[in-house]
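*Asks:* here is my input, please return the structure:
(one chain, ligands or ions: 1)
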Amino acid sequence: MAMKFYIGSDHAGYDTKEKLQRYLQRKGIETVDLGAHSKERVDYPDFAQKVAKKVAKDKGSFGLLVCGTGIGMSMAANKVKGIRAANPFDSYTAKKAREHNDANIICLGGRSYDARRASSILGAFISAKPGKEKRHKARVAKIMKLEKKQ
Ligand code: RB5
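*Replies:* Take a look at the predicted model:
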């Protein structure tokens, strides 16, 4: 199935988000940009919520969120039911986020590293596939049960 990414950022992630959007488009991946649309100061939870809600509703879609570090975006996105947002810091953790955790949103840092490194982390995420092993599926299912228990 063709990949589709809902993307968002705050002011700190804006430049990197623009570059990563072009990176995804060059790979033929559909993107839907939910803002921010400038470097004006905004609050990252607002954009995390917008992207996370779209990803939760659109089965098989993915999200890309960029703030200063990716940390606040991942915290906020993970509050939305159905979301597994990861904040990988290198290509290995990005690959594992999909293979072991079936992450549906990747959160990156506009201030943590340069756009080239951000692209290679994102590249590892899009190339990886969720693991078929039962143990990984069972653990992800346990994560999803946690939100129902609250
Ligand atoms: C904004 O200054 C910064 O706090 C935000 O982009 C992000 O890094 C939060 O996690």
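*Asks:* from here on, just use CA atoms for contacts and neighbour counts.
*Replies:* Fine.
*Asks:* helices and strands of this structure: which one bottoms out on pLDDT?
*Replies:* Using mean pLDDT, DSSP states H and E, helix 134-149 stands out as the lowest-scoring helix or strand of the chain, at a mean of 92.
*Asks:* counting neighbours, which bits of it end up buried?
*Replies:* Neighbour counts over helix 134-149 (16 or more other Cα atoms under 10 Å) mark 136-137, 140 as buried.
*Asks:* and that helix, C-alpha only, in CSV?
*Replies:* Provided in CSV are the C-alpha atoms of helix 134-149 (Å, rounded to 0.1, in the frame of the first residue of the first chain):
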residue,chain,number,x,y,z
LYS,A,134,4.1,-13.1,17.3
ARG,A,135,6.0,-11.7,20.3
HIS,A,136,6.2,-8.2,18.8
LYS,A,137,2.5,-8.2,17.8
ALA,A,138,1.5,-9.4,21.3
ARG,A,139,3.5,-6.7,23.0
VAL,A,140,2.1,-4.0,20.7
ALA,A,141,-1.4,-5.4,21.5
LYS,A,142,-0.6,-5.0,25.2
ILE,A,143,0.3,-1.4,24.7
MET,A,144,-3.0,-0.8,22.9
LYS,A,145,-4.9,-2.5,25.8
LEU,A,146,-3.4,0.0,28.3
GLU,A,147,-5.4,2.9,26.8
LYS,A,148,-8.6,0.9,27.4
LYS,A,149,-7.8,0.2,31.0
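*Asks:* what lies in contact with that helix?
*Replies:* Residues outside helix 134-149 that contact it (Cα atoms under 8 Å, 6 or more residues apart in numbering): 81-82, 100-102, 131.
*Asks:* please name the residues that touch the residue nearest the centre of the chain.
*Replies:* Nearest to the geometric centre of the chain sits Ile106, at 2.1 Å (Cα atoms, centre = their mean). Shown in contact with Ile106 (Cα under 8 Å, 6+ apart): 62-65, 74, 85-88, 94, 122, 125.
*Asks:* so of those residues, which ones are in strands?
*Replies:* The members of the contacts of Ile106 that map onto strands under DSSP state E are 62-65, 85-86.
*Asks:* show me what the helix or strand Gly8 falls within is packed against.
*Replies:* Applying DSSP states H and E as the criterion places Gly8 in strand 4-9. When contacts are defined as 3 or more Cα pairs under 8 Å, 6 or more residues apart in numbering; DSSP states H and E, strand 4-9 packs onto helix 14-26, strand 30-33, helix 44-57, strand 62-67.
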